[in-house]
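Novice: sharing a model that was predicted from the sequence below.
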Amino acid sequence: MTGTPTGAPTRVSTATAAGRPDTRLVVIRGNSASGKSSVAQGLREHHGRGVAIVSQDVIRRNVLREHDTARGANIALLGDIARHALDAGFHVVLEGILYADRYSHMITSLVRDHRGISSCYYLNVPLEATLARHASKADATYLEHVTDTHLTSWYRELDLLPGGLETVIQADSTLQATVARIVRDTDPAAAAPAPPPQYKPSQGDPMNPLVLMSDPQVAAIPVRECGEPLVDVRDHGLRVDPRKQDPLGAFAHVREGVLARLKHARSLLPAGTDLLFIEGYRPLTLQQHYFAEYRDELAATHPDWPPEQLHQAASRYVSPPEIAPHSAGAAVDVTLVDHDGHELDLGTRVNASPEESNGACFTHAPNLGDQARYHRTLLLNAMQGAGFTNYGTEFWHFSASDRYDALMRQEPHARYGPIELALP
């Protein structure tokens, strides 16, 4: 559990600060039989010595032998043990049911005061799967004393901490995948992808490994419009940046299914990070303007390029109007911010062109610092985990169920085609 902290270090009072910049705090919550202790043990097996597992069951049931109540002595004791272990240089995995209404203050205070990286996870297992997992346990004595009735009475559905602090991990994630996910989140070096060849504009077509929006394969994907309406993300609690704001608020609209994926992507980010929504729906006339403007810039710089080459080069950065995901309400431009809303370093500004950024706008550009690459990996993992496809020339651009996404996923057709925003 080593690596670069996500964003700037949090300033905390020296009287309450816990741990060091290089310590890691992982909080794992969920209902009984959701796999919390197995994940904690998996993290210890991965990292070896130096990982302290602070278990609610051990402290509450074995050490104190007390009932789980809002005034339980185990609440403060769990926090004190975690703080002491962090101060001693241990990485800490705090795990347990840890009901939000009883333990949230202790957990959020611990996360706030920790000097290093803190990541919180909620293992979301439905009641039916919980009972099935419980029945498969080999401990007959435990099964005799803890029945399905007990588990049902203890069960709370999606009992999340306030403030969007947790990453939700669904029941279909295997133990190995869950441990690997947490390792990636808390160890930036483990998440850094191998860099592709250096981008050089003089090489002609630098996007050879990628499929451009101008590729005939994209336009050949048929659209079977599903009819989902456009919805305003500002009505659903997302952080929205006003830089692309227009009089009608079109920029803040996406298809209903895209909004659902955005909410899911937020839940996949580690504590202390959030999505910043920049632009969604783009009217076709605006898309035509953007494309023509960039094509004309290229034509002025490269007067010897024929129209076909200009069209293809422009498509690296701006989608051709006839297939643009933004005009279908299927695409979003997003980046990452910290808990205070400050944008994190992702290597270059959103909407930087290949020429301006020397290719750093490419998702897997090699000319990035470690922190920028780590943040891009966080963004890419969350968005792809929620069902989005990234356009490789723009680290900030993701789409779902449009022609480009359908081609990348080898789907027979797209669900979203060009759409008009209904005026109020």
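Specialist: Perfect, I can see it now.

Novice: which intervals of the stretch 301-424 of the chain have sub-threshold pLDDT?
Specialist: Within the stretch 301-424 of the chain, the ranges that satisfy pLDDT under 70 run 315-317, 321, 423-424.

Novice: rerun that using 90 as the cut-off
Specialist: Counting by pLDDT under 90, the ranges of the stretch 301-424 of the chain that qualify are 301-325, 339-340, 353-356, 359, 366-367, 370, 385, 420-424.

Novice: strands of that one, residue ranges please.
Specialist: In the stretch 301-424 of the chain, the segments counted as strands under DSSP state E, counting those that start in this stretch are 331-338, 389-390, 397-399.

Novice: what does the last one contact?
Specialist: If I follow you right, that is strand 397-399. 325, 330-334, 383, 388-391, 405 (C-beta atoms under 8 Å, 6 or more residues apart in numbering). For glycine as for every other residue, the C-beta is placed from the backbone atoms N, C-alpha and C.

Novice: now those residues as CSV including distance to Ile117 and neighbour count?
Specialist: Below are the contacts of strand 397-399 laid out as CSV (distance: C-beta to C-beta, whole Å; neighbours: other C-beta atoms under 10 Å):
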residue, distance to Ile117, neighbour count
Pro325, 34, 30
Ala330, 34, 32
Ala331, 31, 29
Val332, 27, 28
Asp333, 27, 22
Val334, 22, 26
Met383, 21, 26
Phe388, 25, 24
Thr389, 28, 22
Asn390, 24, 21
Tyr391, 29, 25
Asp405, 32, 25
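
Novice: tell me which helix or strand comes right after the lowest-mean-pLDDT helix or strand in the chain.
Specialist: The helix or strand of the chain with the poorest confidence is helix 188-191; it has a mean of 44 (mean pLDDT, DSSP states H and E). Downstream of helix 188-191, the next assigned helix or strand under DSSP states H and E is helix 216-219.

Novice: please, which helix or strand holds the nearest residue to Ser173 once chain neighbours are set aside?
Specialist: Of all residues not flanking Ser173 in the chain, Arg181 sits nearest, at 7.2 Å (C-beta to C-beta, 6 or more residues apart in numbering). Using DSSP H and E, Arg181 maps to helix 175-186.

Novice: give the other helices and strands that that helix contacts.
Specialist: Counting contacts by 3 or more C-beta pairs under 8 Å, 6 or more residues apart in numbering; DSSP states H and E, helix 175-186 packs against strand 24-30, helix 36-47, strand 117-124, strand 166-170, helix 188-191, helix 370-385.

Novice: can you tell me which of these is most buried?
Specialist: strand 24-30 (a mean of 27; mean count of other C-beta atoms under 10 Å).

Novice: contact partners of it?
Specialist: Outside strand 24-30, the residues touching it (C-beta under 8 Å, 6+ apart) are 1-2, 19, 36, 39-40, 43, 82, 86, 91-98, 107, 110-111, 114, 116-125, 159, 161, 166, 182, 186.

Novice: can you pull the contacts of the residue nearest to the spatial centre of the chain?
Specialist: The centroid of the chain falls nearest to Ala382 when counting by C-alpha atoms, centre = their mean (2.7 Å). Contact analysis of Ala382 by C-beta under 8 Å, 6+ apart lists 265-266, 268-269, 275.

Novice: closest to Asp232 among these?
Specialist: Leu275 (15.9 Å; C-beta to C-beta).

Novice: thank you kindly, that will do.
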